Every structure is written in structure tokens, then in C-alpha cells.
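> any chance you can model this:
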Amino acid sequence: MINTKKSQQLVELNIPIHPDFRAVLDGIGHDHERLIITQYGEARSEKAFANWMIDAAKAAGLPPHRSPHWLRKAACRRLAEAGCSALEIMSITGHGNIKEIET
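Okay, the predicted model is just below:
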């Protein structure tokens, strides 16, 4: 289980980890609790993370106005295409409103 903040509320996510990704995670060479950290080993703030992702998207040549939100949206679409139910998708993405998922 992973806890994250969504709209100022703490949300528990249930994200299954693919065995290939588990092997990657197990091979990470730092002992920090967070996967994505600053050069000083600290967790990034939400705003700093969003800005970091926006800068990375620009550097990768993606169209303008990309943010981490589109990753979440893409994950929802891929989960739906893989046959997950709306409730399964909500448990993975942390959405609290089934209407958002059904859309």
C-alpha cells in the first residue's frame, strides 16, 4: 500500500507491482524511502516534482503544457484497456469519484 495526498486528503493506493519492475526497484542503490529524490536525498515537494516533470517533458521534446497529471490520465486509460473495472482503477489511481473514471 502507498499513501499519497490528493486534493489535500490522504489517499491509500493499492498498486500491483510487476515482477520486472520489482527487480528494478530492488536494484536501486540508495536506501531512501522515496523513489524520486533530490540530489540531496530529500523527497521532492509536490510543486517541485511537477516542475521537474514539466522540465523533463520539455527536454524530451514533448508538446508544451505537459504535467504529471497526464501520466495519471494515461494510466487510467491503460488500466481500462487492460480490462480493469472502474473500482480497480480507482484503487490504483486514488480517484474518489467514479464519474471521473467512467469519463
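> contacts, neighbours, all on C-alpha from now
Fine.
> please parse the protein into its domains.
The chain breaks down into these domains under automatic domain parsing: 1-27+67-103, 32-64.
> would you reformat those as CSV and include mean pLDDT and mean neighbour count?
Formatted as CSV, the domains of the chain follow (pLDDT from 0 to 100; neighbours: other C-alpha atoms under 10 Å):
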stretch, mean pLDDT, mean neighbour count
domain 1-27+67-103, 83, 13
domain 32-64, 82, 12
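> from the contact counts, what lies against the helix or strand hosting residue 50?
Assigned by DSSP states H and E, residue 50 falls within helix 46-59. Applying 3 or more C-alpha pairs under 8 Å, 6 or more residues apart in numbering; DSSP states H and E, one finds that helix 46-59 makes contact with helix 68-81.
> what packs against whichever helix or strand comes after the helix it packs on?
As assigned by DSSP H and E, the chain's next helix or strand after helix 68-81 is helix 86-93. When contacts are defined as 3+ C-alpha pairs under 8 Å, 6+ apart, helix 86-93 sits against strand 9-13, helix 68-81, helix 98-102.
> and for helix 86-93, what's in contact with it?
12-16, 72, 75-76, 79-80, 96, 98, 101-102 (C-alpha atoms under 8 Å, 6 or more residues apart in numbering).
> do you know how far residue 62 is from residue 54?
Residue 62 sits 9 Å away from residue 54, going by C-alpha to C-alpha, to the nearest Å.
> got it, and residue 34?
Distance, residue 34 to residue 54, by C-alpha to C-alpha: 20 Å.
> my guess is residue 66 contacts residue 60. True?
No - using C-alpha atoms under 8 Å, residue 66 is not in contact with residue 60, being 11.0 Å away.
> surely residue 62 forms part of a helix?
No - using DSSP: H, G, I helix; E, B strand; the rest coil, the assignment for residue 62 is coil, not a helix.
> how about the contacts made by it?
So residue 62 contacts nothing (C-alpha under 8 Å, 6+ apart).
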